[in-house]
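Trainee: here are the coordinates; sequence isn't available:
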């Protein structure tokens, strides 16, 4: 295949700069010693990182986001793995419709999901509660788990399972000893993608949180709406570094390009 | 297998099905019903059925302006994403594997960072005392700052940053299905690079460009956080006005009607786009 010429290389360099610009700027501003947003920073200071410690509401929001991400990703995984087994393994009436239904949170505009959850949770008296948030987040992130688990299942060699069945293993034993270990990287990849999606979610969440259950992106959003000081940059910088750490971890376990591109997904 | 086992797929899907029916399908139907409820500022929402909210949206030029602006922003974002994302995917395909992995990380990595954080970066870049204006004023190119915050243009720029990874993913997936040997064959048969691009690469990339456009357009038309931060109260889009109706004015039926109309108009645009594409390109790009 032909390689890229100078125009293509220049184009890609500019594109890379465009993609990195807002992230570099946020990281740059976060280390400013001054009291206002300044880029490039005139010096290096951890002043605004120390300021995070004086703002416990940001720390509480971050803890809420972490808890929410873990609970909703786990709940989504628990319902998505058996559903994926049914959809991948069996040909039944309504299979396509079922898959479309489980993928539908990706199709409905997030603002519509937000008001739908708000209306529903208000009527059943769960608005603003952690459990209400967790269930709604689980629905939003289920498609991500389902897609990755389905991709792992479709790449699986079924001969080993058939051999186990022929040797008298029960369905549960086959799943526990053979299927599950083979698709484990897909399950973990799906869980992580679900966790990150929940951790970053803002449009739906902003409708259904109250001040005590608020998440980090929502807290940042309302802070930015009122004022922009380097504090939002330092909090964002911590969030970026956390995401990068998770990305490196995922890269080890699952392969980042596989997670993002969904290689093997049919 | 006995007849009993024939229903195991429903047993396996039951937890997800119960969760989705209760917490997704029911709320969506209730939202549709809500949009037909009557609202008054003193009594709140009552149980009567009314088309008042839809009449209010469809009879007020204020809402036409908001819908028009939203779709103009979504269209501009989509066009720019095609112009940037399609060539980027093509060049990506021809990069050396090492560089390509790094480039994929740079393009797709931001997807994992919260939209709020990325939009904050754009707010810092585009502000009146932001990175671009400070730079240009220090150089003496401009006297007064160029207004980029609280403009549709600023929103489009930040939305392109948020959406272009989806375009790259779609076009790249289409290009991956292409056999590299076809390009080599065309070349050995004496085709010029332009002919190869027009007759071989473009037709294979086209389905990716078209499906990527649909994704980018529908996500941009319903985007909330980016227009809310970069547009403030001055540049309202549909999603932010839904938020205002629900959280500030507390006229939930009106907010629900606006949201339903947004969803319906996105679907209409997507179906029309599909029809147009099939009529135009159906035969040549099928």
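Mentor: Here it is on my side, so go on. Note that the coordinates shown come from a computational prediction; the quantities given were computed from them, not determined experimentally.
Trainee: quick one: the helices in the chain?
Mentor: As the question left the chain open, I've gone with chain A. For chain A, the helices defined by DSSP state H occupy A:6-30, A:47-53, A:56-89, A:95-103, A:110-123, A:130-154, A:159-166, A:171-174, A:180-200, A:205-208, A:216-226, A:230-253, A:256-261.
Trainee: if you could check chain B rather than the one you did, that'd help
Mentor: Listed in chain order, the helices of chain B (DSSP H) span B:8-20, B:26-34, B:52-58, B:61-93, B:97-108, B:115-126, B:131-139, B:152-176, B:180-188, B:193-196, B:202-221, B:225-231, B:238-244, B:252-285.
Trainee: Can you check what pLDDT the model gives the closest residue to residue B:222 other than its chain neighbours?
Mentor: Closest residue in space to residue B:222, ignoring its immediate chain neighbours: residue A:109 at 3.4 Å, by Cβ to Cβ, 6 or more residues apart in numbering or on different chains. Quick note: C-beta positions are derived from backbone N, CA and C, even for glycine. Per-residue pLDDT puts residue A:109 at 94.
Trainee: shouldn't residue A:109 be in contact with residue B:264?
Mentor: No - contact criterion Cβ atoms under 8 Å: residue A:109 and residue B:264 do not qualify, at 10.6 Å.
Trainee: Can you mark which positions in stretch B:271-278 are buried?
Mentor: Neighbour-count burial for stretch B:271-278 flags residue B:277 (criterion: 16 or more other Cβ atoms under 10 Å in any protein chain shown).
Trainee: For chain A, name the helix or strand with the lowest mean pLDDT.
Mentor: Lowest by mean pLDDT, DSSP states H and E among the helices and strands of chain A is helix A:256-261, with a mean of 74.
Trainee: What are the buried residues along that helix?
Mentor: A:256, A:258, A:259, A:260, A:261.
Trainee: Which strands or helices does it pack on?
Mentor: helix A:180-200, helix A:230-253, helix B:97-108, helix B:152-176 (3 or more Cβ pairs under 8 Å, 6 or more residues apart in numbering or on different chains; DSSP states H and E).
Trainee: What residue in chain A comes nearest to chain B?
Mentor: Residue nearest to chain B within chain A: residue A:22 (2.4 Å; Cβ to the nearest Cβ).
Trainee: ok, back up a step: looking at residue A:109 and residue B:264, which is more packed in?
Mentor: residue A:109 (21 against 10; other Cβ atoms under 10 Å in any protein chain shown).
Trainee: show me what contacts the more buried one?
Mentor: B:218, B:221, B:222, B:239, B:259, B:262, B:263, B:266 (Cβ atoms under 8 Å, 6 or more residues apart in numbering or on different chains).
Trainee: what's the pLDDT at whichever residue of the stretch 51-200 of chain B sits closest to chain A?
Mentor: Residue of the stretch 51-200 of chain B nearest chain A, by Cβ to the nearest Cβ: residue B:121 (2.4 Å). Here the pLDDT value assigned to residue B:121 is 95.
Trainee: residues contacting residue A:259?
Mentor: Residue A:259 makes contacts with A:148, A:189, A:192, A:193, A:250, as judged by Cβ under 8 Å, 6+ apart.
Trainee: and which of those is nearest to residue B:201?
Mentor: Lowest distance from residue B:201 to the contacts of residue A:259 (Cβ to Cβ) belongs to residue A:148, with 29.9 Å.
Trainee: Pull the number of nearby residues for that closest one.
Mentor: 29.
Trainee: ok, the closest residue to it other than its chain neighbours to residue A:102 distance?
Mentor: Nearest non-adjacent residue to residue A:148, counting by Cβ to Cβ, 6+ apart: residue A:190, 3.7 Å away. Per Cβ to Cβ, to the nearest Å, residue A:190 is found 13 Å from residue A:102.
Trainee: tell me, what's touching these two both at once?
Mentor: A:80, A:146.
Trainee: give me every residue that touches residue 254.
Mentor: With no chain named, the answer covers chain A. Residue A:254 is in contact with A:185, A:186, A:188, A:189, A:192, counting by Cβ under 8 Å, 6+ apart.
Trainee: Chain B is the one I meant
Mentor: By Cβ under 8 Å, 6+ apart, the neighbours of residue B:254 are B:39, B:53, B:56, B:57, B:245.
Trainee: Model confidence score at it, please.
Mentor: Per-residue pLDDT puts residue B:254 at 94.
Trainee: quick one on the thing from earlier: so who does the residue of chain A closest to chain B touch?
Mentor: B:118, B:119, B:120, B:121, B:122, B:124, B:125, B:158, B:161.
Trainee: Which pair of these spans the longest distance?
Mentor: B:124 and B:161 (13.3 Å).
Trainee: quick one: which of the contacts of residue A:259 is most hemmed in?
Mentor: Counting neighbours by other Cβ under 10 Å, the top entry in these is residue A:148, with 29 neighbours.
Trainee: Against residue B:253, how distant is that one?
Mentor: 39 Å.
Trainee: Residue most distant from the centroid, chain A?
Mentor: Centroid-distance maximum for chain A: residue A:167 at 40.3 Å, with Cα atoms, centre = their mean.
Trainee: thinking again about what came up before, now render the contacts of residue A:254 as JSON lines, adding distance to residue B:213.
Mentor: Output for these, formatted as JSON lines (distance: Cβ to Cβ, whole Å):
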{"residue": "A:185", "distance to residue B:213": "33"}
{"residue": "A:186", "distance to residue B:213": "29"}
{"residue": "A:188", "distance to residue B:213": "33"}
{"residue": "A:189", "distance to residue B:213": "28"}
{"residue": "A:192", "distance to residue B:213": "29"}
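Trainee: Dump the residues you listed into a markdown table; add pLDDT and distance to chain B as well.
Mentor: What follows is the contacts of residue A:254, written out as a markdown table (pLDDT from 0 to 100; distance: Cβ to the nearest Cβ, whole Å):
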| residue | pLDDT | distance to chain B |
| --- | --- | --- |
| A:185 | 86 | 18 |
| A:186 | 89 | 17 |
| A:188 | 90 | 16 |
| A:189 | 88 | 13 |
| A:192 | 91 | 10 |
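Trainee: For residue B:179, state which of the residues you listed is nearest.
Mentor: Nearest to residue B:179 among the contacts of residue A:254, with distances taken as Cβ to Cβ, is residue A:186, at 27.7 Å.
Trainee: ok, the closest one - contacts?
Mentor: Contacts of residue A:186 by Cβ under 8 Å, 6+ apart are A:148, A:149, A:151, A:152, A:153, A:254.
Trainee: try it again with 6 Å
Mentor: Residues in contact with residue A:186 (Cβ atoms under 6 Å, 6 or more residues apart in numbering or on different chains) are A:148, A:149, A:152.
Trainee: now residue A:236
Mentor: Contacts for residue A:236 were tallied using Cβ under 6 Å, 6+ apart; they are A:26, B:117, B:120.
Trainee: and the second one, how many neighbours?
Mentor: In this case it means residue B:117. So residue B:117, with other Cβ under 10 Å, has 27 neighbours.
Trainee: how near is it to residue B:145?
Mentor: 24 Å.
Trainee: Then residue B:114?
Mentor: From residue B:114 over to residue B:145 (counting by Cβ to Cβ), the distance is 27 Å.
Trainee: So for these two, which sits in the more crowded spot?
Mentor: Just comparing residue B:114 and residue B:145: by other Cβ under 10 Å the higher neighbour count belongs to residue B:114, 25 against 16.
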